[in-house]
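Student: How does the following fold in three dimensions:
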Amino acid sequence: MISVIITAYNAEKTIEKCLNSILDTKYNNYEIVIVNDGSTDNTEDIIELFATDKIKYFSKPNTGVADSRNFGIEKANGDYITFVDSDDYVSSNYFENVDNYIEQGAELIKRKGIIIKESLKNETEQVIQKQENEENNQKNAIKIEGATFELTTGEDAFNKLCFTDKYLDTLWSYIIKKSLLTDNNFKFENGRYHEDFGLLPLLILKANKVVSTNDYVYYYVQSENSIMREKNLPKTIKKAEDVLYHYDNILNLIKTYNLSKFTKENVGIYLTNAILLKIKEFDGKDEYTKAKKWYICELKKRKIYKNIKARNLKQLIKKLILFININLL
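Tutor: Numbers count the residues shown, from 1 in each chain. You can find the predicted model right below:
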């Protein structure tokens, strides 16, 4: 059985569509585990309208998405788990081909998604409801690309994904064998942003069997007022602190993993690219200038240019440019 975990906080506008999309799938061997993380709107009333034998509902005080996900994992009965965000939804073939990969012993099954811009969502959904292959005919629905491959090791999977898939560390991309989490004592880091970034690379590297499919089955709604998109200086600093924490933690942990030098270098490159992107979040208002200098100082301390390996001329040039730019900023 597959446990679909949904954590919800003030999701009254989206939770109904999310739940209906899962219940409308052509599959029976699943349960839905809903964790209401202290919502103050009508989320709970809407969820209670969906009382079926397939839905397990839990309500708890607000402790954040990471803690709620960990709670959901504990309550899940399935041998496999997956996560759907309460403001997203899935296609009718969401579970297609999953049993086949489970029978082959896959511990991670990666699927693809389609980005839906919230401002364009209503227009897009009219097409989605009418066409089976709507993502191919709708310019406002952006397909998320990335490497596809049959069953391989976690190490090989990471090396295939790290330079091809910008959504390598999005939790909704994966169906996960629950024991992969529990046997390795993996949990989402409570109280920190970017908890997916902090866990997914480690999860992939620890897996024995990973598959990446070409199934576009998840609709990722990008909301302009989402928690991650809301911008203010304290939150921007906190997010930067947390991404640096995950960066340091992963680099420290993989020293104990049985990985090739090539793979460890790829992990370093992947993480470095991620923390470099954070610099852009300090652009704009004058009040961000001091914080930007602080963040760049943190990057200098870590000598991140050493993580860019000069395997060819292009990478050598990138390393030199990175070294010069970081030290001039």
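
Student: Show which residues not belonging to stretch 276-291 make contact with it.
Tutor: Outside stretch 276-291, the residues that touch it by C-beta atoms under 8 Å, 6 or more residues apart in numbering are 231, 233, 236-237, 239-240, 243, 292, 295-296, 299, 304, 322. C-beta coordinates here come from the backbone N, C-alpha and C atoms, glycine included.

Student: hmm, try it at 10 Å
Tutor: For stretch 276-291, the external contacting residues (C-beta atoms under 10 Å, 6 or more residues apart in numbering) are 194, 231-237, 239-240, 242-244, 247, 292-296, 298-299, 304, 322, 325-326, 329.

Student: got it, and stretch 246-253?
Tutor: Contacts for stretch 246-253 (C-beta under 10 Å, 6+ apart): 169, 189, 192-199, 201-202, 205-206, 264, 267-268, 270-272, 274-275, 278, 298-299, 302, 304, 307.

Student: Return the subset of those residues lying in helices.
Tutor: Among those, the members found in helices (DSSP state H) are 195-199, 201-202, 205-206, 264, 267-268, 270-272, 274-275, 298-299.

Student: And those residues, which of them are buried?
Tutor: Buried members of the ones in helices among the contacts of stretch 246-253, counted by 16 or more other C-beta atoms under 10 Å: 195-199, 201-202, 205-206, 264, 267-268, 270-272, 274-275, 298-299.

Student: just checking, next helix/strand downstream of the helix or strand of the chain at the bottom of the mean pLDDT ranking?
Tutor: Least confident helix or strand of the chain, by mean pLDDT, DSSP states H and E, is helix 121-130 with a mean of 48. Next along the chain after helix 121-130, taking DSSP states H and E as the criterion, comes strand 141-143.

Student: What is that following strand packed up against?
Tutor: strand 108-117, helix 121-130, strand 210-222 (3 or more C-beta pairs under 10 Å, 6 or more residues apart in numbering; DSSP states H and E).

Student: Mind doing that once more with 7 Å?
Tutor: Packing contacts for strand 141-143, counted by 3 or more C-beta pairs under 7 Å, 6 or more residues apart in numbering; DSSP states H and E, involve strand 108-117.

Student: Name all residues that make contact with Lys178.
Tutor: Contact partners of Lys178, counting by C-beta atoms under 7 Å, 6 or more residues apart in numbering, are Ala76, Gly78, Asp79, Tyr80, Ile81.

Student: okay, now the closest residue to Tyr220 other than its chain neighbours: neighbour count?
Tutor: What sits nearest to Tyr220 in space, not counting adjacent residues and going by C-beta to C-beta, 6 or more residues apart in numbering, is Gly113, at 4.7 Å. Using other C-beta atoms under 10 Å, Gly113 is surrounded by 23 other residues.

Student: and the closest residue in space to Ser39 that isn't next to it in sequence, what does it touch?
Tutor: Residue nearest to Ser39 in three dimensions, not counting chain neighbours: Asn10, with 5.0 Å by C-beta to C-beta, 6+ apart. With contact taken as C-beta under 7 Å, 6+ apart, Asn10 is in contact with Ser39, Thr40, Asp41, Thr43.

Student: Look up how far Tyr30 lies from Asn10.
Tutor: Asn10 is 25 Å from Tyr30, where distance means C-beta to C-beta, to the nearest Å.

Student: ok, now Thr272?
Tutor: Using C-beta to C-beta, Thr272 is found at 38 Å from Tyr30.

Student: Kindly report the same for Leu202.
Tutor: 26 Å.

Student: One more: Tyr288?
Tutor: In this view, Tyr288 and Tyr30 are 44 Å apart by C-beta to C-beta.

Student: domain ranges for this structure?
Tutor: 2-222, 233-328 (automatic domain parsing).

Student: Report the mean confidence score over the shortest one.
Tutor: On average, the pLDDT along domain 233-328 is 84.

Student: do the same with stretch 203-213
Tutor: 97.

Student: So Ser86 belongs to a helix, correct?
Tutor: No - counting by DSSP: H, G, I helix; E, B strand; the rest coil, Ser86 falls outside a helix, being coil.
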